[in-house]
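> I'll drop the sequence and a predicted model, then ask my questions.
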Amino acid sequence: MIAFVGIGVLIVAASFLVSHLLHRRFPHLMTAALLIIAVGLAHSIMGELALISPLKFVKDLPTPRGSVEQTWLVIRVTWHAPTLLWFGLASVLIWMEMHPVSASHPFLWMVVAMFSIASFVSVLTSPLGHVAWLYFLVIALLCLVRITLLSRQQAKVGTGVVSHPEI
């Protein structure tokens with residue numbers, strides 16, 4: 001668990017250091033995407049080792065699909081599906097980081113809502129036992145900060161104060 005928290009801290013710290021050294025703005029969406037990828041990898045790897053593989057040895061596993069092997073396959077596929085979805089979400093955030101004009105307020109609000117709710121539910125269902133809530137909260141906050149910066153930048157552009165937005 002400590003290693004998982006450490007990886008998240010390293011991702012955020014490295015993003016801050018690189019942006020500082022290159023004199024660039026902090027890459028909020030890129031950092032959020034890297035955290036999402038870390039969560040996805042941890043979810044799949046740790047889930048496979050601690051949950052999916054041991055299910056092979058459960059004697060009385062329900063067989064609604066006809067066989068234990070089929071049930072095990074359905075569980076495995078549905079366990080790894082969120083990881084694929086998270087990787088897709090991370091790729092969209094990376095795209096939005098690299099092409100700031102394409103950043104969408106409704107999409108980012110959806111990410112904020114989704115990860116805020118996931119953080120809240122994670123805290124309620126496993127207090128202090130699962131660190132995913134911390135990752136989810138940081139991802140939501142990073143996207144929320146980017147929404148705020150986008151709103152400010154668009155307000156400046158709308159008034160004619162800034163001619164070249166650097167979101």
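Perfect, thanks for sending it. Everything numeric here is computed off the predicted structure, so don't read it as measured data. Residues are numbered from 1 along each chain as shown.
> Quick check, pLDDT for residue 12.
Here the pLDDT value assigned to residue 12 is 79.
> Name the nearest residue to it, sequence neighbours excluded.
Among residues not flanking residue 12 along the chain, residue 31 sits closest, at 5.9 Å (C-beta to C-beta, 6 or more residues apart in numbering). Quick note: C-beta positions are derived from backbone N, CA and C, even for glycine.
> how would you label that neighbour: helix, strand or coil?
In three-state terms, and counting by DSSP: H, G, I helix; E, B strand; the rest coil, residue 31 is helix.
> Verify the stated contact: it with residue 9.
No: contact criterion C-beta atoms under 8 Å: residue 31 and residue 9 do not qualify, at 11.5 Å.
> Who has more neighbours out of the two?
A direct count of neighbours by other C-beta atoms under 10 Å for residue 31 and residue 9 places residue 31 higher, at 25 against 11.
> residues touching the more buried one, list them.
Counting by C-beta atoms under 8 Å, 6 or more residues apart in numbering, residue 31 touches 11, 12, 15, 142.
> What is the neighbour count of the third one?
What it means is residue 15. Look at residue 15: counted by other C-beta under 10 Å, it has 19 neighbours.
> OK, contacts around it?
So residue 15 contacts 26, 27, 30, 31, 34 (C-beta under 8 Å, 6+ apart).
> I only care about those residues that end up buried; give me the ChimeraX line for that.
Selection of buried members from the contacts of residue 15 for ChimeraX, criterion 16 or more other C-beta atoms under 10 Å:
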select :26,27,30,31,34
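> can you list contacts of stretch 81-97?
Here stretch 81-97 has contacts from 27-30, 32-34, 36-37, 39-41, 43-44, 102-104, 107-108, 111, 143, using C-beta under 8 Å, 6+ apart.
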